[in-house]
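[1] heads up, no residue letters with this:
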Ligand code: TYM
C-alpha cells in the first residue's frame with residue numbers, strides 16, 4: 001500500500017505563485033508515489049468573513065487550478081473539505097482534547113486576530129480543523145510551504161496527546177517542504193511573505209495574471225541599490241527573484257550562479273518574468289478549458305468525495321470508539 005498524503009489550500013483571494021511553488025508543484029510531483037487527498041478548505045476560509053457568492057466561485061476556481069497545475073484526478077482525490085462531513089466531526093472530537101493554551105500561542109492566530117475588531121472562535125480552532133484534515137486520512141506526509149510548519153507541529157502534538165489519552169490511533173504526519181520555493185516573498189516588500197490577503201497590486205503574482213501583468217509586476221519588484229547580481233551580498237529582493245526563477249525552471253544552484261552572476265537587475269527581471277510567463281501560460285490555458293466545462297469539474301469533486309468518504313468514516317468511528325462515544 002502506498003503511503004498517504006494530505007494537503008489543502010484556502011479558496012480565498014487569488015492563488016499566487018507562492019501557493020504554486022510552495023505547495024502545488026510538490027503535490028504534482030508526489031502524486032504518483034503517494035495516495036493523495038488535496039482539499040479546497042472552505043471551512044477554513046470562513047474563519048474570516050467571506051462574501052458568500054464570491055466564496056462559491058473561489059471554491060470552483062481553486063479546484064480548477066489544482067487540476068490545471070497537473071493534479072491528476074484519476075490518481076488523486078480533489079475534495080471540497082465541507083462535502084466530507086467527517087472533517088468537521090473529527091475537528092470537534094479533537095477540540096475536546098486540545099489545550100486552549102496551545103491554540104492561543106499560534107503565531108498565525110496572533111497575527112490574524114490582531115488585524116480584526118472581533119475574532120471568531122473558528123479562527124482560534126483553525127489549527128484543530130487542520131489537524132483533523134490530516135489525521136482523518138492518516139496522512140504520512142503533508143506537503144506545504146514553510147508558513148505551515150508550526151501548524152504541523154501542533155498537529156503532531158494533538159495526535160500524540162490523543163494517542164496517550166485513548167490509545168494508539170493516529171499516524172504522525174511528516175512536514176514536506178519543497179527544496180526551492182518554500183517561502184516566496186512579496187515583490188513589493190521582500191521582508192514579507194507573499195500572501196493572498198496582502199493588498200497592493202505589486203505584491204503578488206496571481207497564477208492567473210496575464211503575461212503583460214506578470215512582466216510589469218516583476219519589472220517593478222523591489223531590489224536594492226546595487227546595479228547587478230552579486231551572490232555574496234545579494235539583497236532579499238534579488239534572492240527572491242532568483243528563487244522564483246529557479247523554482248520555475250528547475251535549474252541547479254550552479255546553473256543559476258553561472259547564468260546570473262554580474263547580470264544587471266533590468267536583465268535579471270526580464271529573464272525571471274519570461275520564466276514565470278512560460279511556466280504559467282500552459283497552466284492558464286488548461287484552467288480556461290476546465291472552467292468552460294463545469295460538469296466535468298463537478299464530476300471530479302463528487303467522485304473524489306465519494307472515494308474518500310469510507311476512509312474518513314472509518315477513522316471517525318475508530319476515534320469515537322476509543323473515546324467511548326456511541327456508534328451505530
Ligand atoms: P494557504 O491557503 O494559506 O496556503 C496554501 C499553501 O501555500 C503555501 N504558501 C506559500 N508557500 C511559499 N511561499 C509563500 N509565500 C506561500 N504562501 C502560502 C502554504 O504553506 C500552503 O502549503 N492552513 C493552510 C490550509 C490547510 C492545510 C490543511 C494545509 C488547511 N488544512 C491540511 C495542509 C494540510 C493554509 O492556510 O494554506
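    Great, that's in hand. This is a predicted model, so every value here is computed, not measured.

[2] I'd say residue 321 and residue 328 touch.
    No. Contact criterion CB atoms under 8 Å: residue 321 and residue 328 do not qualify, at 11.8 Å. Bear in mind the C-beta positions are built from the backbone N, C-alpha and C, glycine included.

[3] contact partners of stretch 81-98?
    Here stretch 81-98 makes contact (CB atoms under 8 Å, 6 or more residues apart in numbering) with 8, 39-44, 125, 128-129, 131-133, 135-136, 158, 161-162, 165, 301, 305, 308-309, 312-313, 315-316, 319-320, 323, 325.

[4] Quick check on those residues: which are buried?
    By neighbour count, with 16 or more other CB atoms under 10 Å, those hold 8, 39-44, 125, 128-129, 131-133, 135-136, 158, 161-162, 301, 305, 308, 312, 315-316, 319 as buried.

[5] Of these, which belong to strands?
    8, 39-40 (DSSP state E).

[6] Residue 119: which of these is nearest?
    Nearest to residue 119 among these is residue 8, at 21.9 Å by CB to CB.

[7] do you know how far the closest one is from residue 287?
    Taking CB to CB, to the nearest Å as the measure, residue 8 falls 19 Å from residue 287.

[8] ditto for residue 205
    15 Å.

[9] In terms of neighbours, single out the busier of these two.
    residue 205 (25 against 19; other CB atoms under 10 Å).

[10] Who are the contact partners of that one?
    Per CB under 8 Å, 6+ apart, neighbours of residue 205: 16-17, 187, 194, 214, 217-218, 276.

[11] got the contact list for residue 116?
    48, 123.

[12] Could you measure from it over to the ligand?
    16 Å (CB to the nearest ligand atom, to the nearest Å).

[13] give me the element that residue is part of.
    Residue 116 belongs to no helix or strand when assigned by DSSP states H and E.

[14] what sits against the closest residue to residue 160 other than its chain neighbours?
    Leaving aside its sequence neighbours, residue 160 sits nearest to residue 172 (CB to CB, 6 or more residues apart in numbering; 7.4 Å). Neighbouring residues of residue 172 by CB under 8 Å, 6+ apart: 156, 159-160.

[15] The contacts of stretch 81-98: which ones sit near the ligand?
    8, 41, 44, 133 (CB under 6 Å from any ligand atom).

[16] I'd like the distance between the second one and residue 62.
    Looking back up the chat, that one is residue 41. 9 Å.

[17] which residues are common contacts for these two?
    9, 11.

[18] Please list the residues of the stretch 1-150 of the chain that sit near the ligand.
    6-10, 18-19, 22-23, 41, 44, 130, 133-134, 142, 144-145, 147-148.

[19] Which entries within those residues meet the buried criterion?
    So, by 16+ other CB under 10 Å, the buried ones in those are 6-10, 18-19, 22-23, 41, 44, 130, 133-134, 142, 144-145, 148.

[20] In contact with the closest residue to residue 207 other than its chain neighbours, which residues?
    Spatial nearest neighbour of residue 207, chain neighbours left out: residue 15 (4.9 Å); criterion: CB to CB, 6+ apart. For residue 15, the contacting residues are 9, 62, 65, 196, 206-208, by CB under 8 Å, 6+ apart.

[21] do the same with residue 60
    Contacts of residue 60 (CB under 8 Å, 6+ apart): 291, 294, 297.

[22] Which of those residues are buried? Put it as a PyMOL command.
    Of the contacts of residue 60, the buried ones go into a single PyMOL selection, burial set by 16+ other CB under 10 Å:
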select buried, resi 291+297
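
[23] Out of the contacts of residue 60, the closest to residue 104 would be?
    residue 297 (38.8 Å).

[24] Pop out the phi and psi values for residue 207.
    Here is the backbone geometry of residue 207 (degrees, to the nearest 10): phi -60, psi -20.

[25] What pLDDT is listed against whichever residue of the stretch 101-250 of the chain sits closest to the ligand?
    Closest contact between the stretch 101-250 of the chain and the ligand, by CB to the nearest ligand atom, is at residue 145 (2.4 Å). With respect to pLDDT, residue 145 scores 98.

[26] quick one: low-confidence parts of this protein?
    199-200 (pLDDT under 70).

[27] now with 90?
    For the chain, the stretches flagged by pLDDT under 90 are 1, 13, 115-119, 196-201, 225, 231-234, 328.

[28] Quick check: buried residues in stretch 89-105?
    89-91, 93-95, 98, 103.

[29] do stretch 283-296 as well
    Here stretch 283-296 shows 283-284, 286-287, 290-291 as buried, counting by 16+ other CB under 10 Å.
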